[in-house]
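**Q** Quick one: sequence plus predicted model below, questions after.
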Amino acid sequence: MDISLPHKENLPASYRCAILTISTSRYEKYKKADRPERAEDVSGKLIWGMLQVQGGQIVHYELIPDNIEMIRDALKNCLYSEADVVILNGGTGISPQDVTIEAVMPFFEKEMPGFGELFRYKSLEQIGNAVILTRAIAGVARQKAIFCLPGSPNAVKMALELVLPEMGHIIKHMKGQ
């Protein structure tokens, strides 16, 4: 018996999403692309498609370089937009240019550590001990759910398969309903 069923009553049927792809190389080549297919952004396109299938309406897409201030500015714009969910992909590793986590963390009012824990647990099956290199995180700011995902299509697909079935539940609780 699923004891979470009472909590899953009256969930929002749809939600609005912003997608931010963090990639200096894509940004330098495509700068102002307004859709992932116009930027050869495989992971962004996957996010877009999976969100739409699950009832998400895409209200914003943007390419951003691996630059803390530019990531923060883009996230701030999303936090003051109509989006319910912001998904960032890319820049979550441990190389010096990976700064997505450092850019996003100061905005969190609440963290959702269960996302990162579950993501790493599931990733262990696919990539083994290399899972220790991932810093995928999630949190809430201004009643918006924020997810920071790795940029690889496989990681994006797995993360969304974990999150999307719970998205209505997340939004309901985040908005205090």
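**A** That came through, no problem. Numbering: from 1, shown residues only.

**Q** all contacts plus neighbour counts: C-alpha atoms, from now on.
**A** OK.

**Q** Looking at H173 now. What's its pLDDT?
**A** Model confidence at H173, expressed as pLDDT, equals 88.

**Q** Check which helix or strand it maps to.
**A** Using DSSP states H and E, H173 maps to helix 167-174.

**Q** Same question for that helix: list its buried residues.
**A** M167, G168, H169, I170, I171, K172, M174 (16 or more other Cα atoms under 10 Å).

**Q** Pull out the buried residues from the longest helix anywhere in the chain.
**A** Among the segments of the chain that qualify as a helix by DSSP state H, the longest is helix 113-127. With burial defined by 16+ other Cα under 10 Å, the residues of helix 113-127 counted as buried are F115, G116, F119, R120, K122, S123.

**Q** Residue ranges in this structure under the pLDDT threshold?
**A** 1-10 (pLDDT under 70).

**Q** what's the helix or strand for the spatially most central residue of it?
**A** The residue lying closest to the centre of the chain (Cα atoms, centre = their mean) is I87, at 2.4 Å. Element membership for I87 (DSSP H and E) is strand 85-89.

**Q** okay, the angle between that strand and helix 167-174?
**A** Interaxial angle, strand 85-89 versus helix 167-174 (axes from the mean of the first three to the mean of the last three Cα atoms, to 10 degrees): 120 degrees.

**Q** What helices and strands are in contact with strand 85-89?
**A** Secondary-structure packing of strand 85-89 (3 or more Cα pairs under 8 Å, 6 or more residues apart in numbering; DSSP states H and E): strand 15-22, strand 144-149.

**Q** For the chain, just list every one of the helices.
**A** 24-30, 42-53, 68-79, 100-104, 113-127, 153-163, 167-174.

**Q** The residue nearest to S43 when sequence neighbours are not counted: neighbouring residues, count only.
**A** Nearest non-adjacent residue to S43, counting by Cα to Cα, 6 or more residues apart in numbering: P153, 4.8 Å away. Using other Cα atoms under 10 Å, P153 has 18 other residues around it.

**Q** if I look at P153, how far off is Q126?
**A** 13 Å (Cα to Cα, to the nearest Å).

**Q** Kindly provide the distance from E161 to Q52.
**A** Taken as Cα to Cα, the span from E161 to Q52 is 13 Å.

**Q** now do A103
**A** 27 Å.

**Q** likewise M174?
**A** 21 Å.

**Q** now swap in A39 and tell me
**A** 19 Å.

**Q** With Q97 instead?
**A** 31 Å.

**Q** what about L79, how many residues close to it?
**A** 22.
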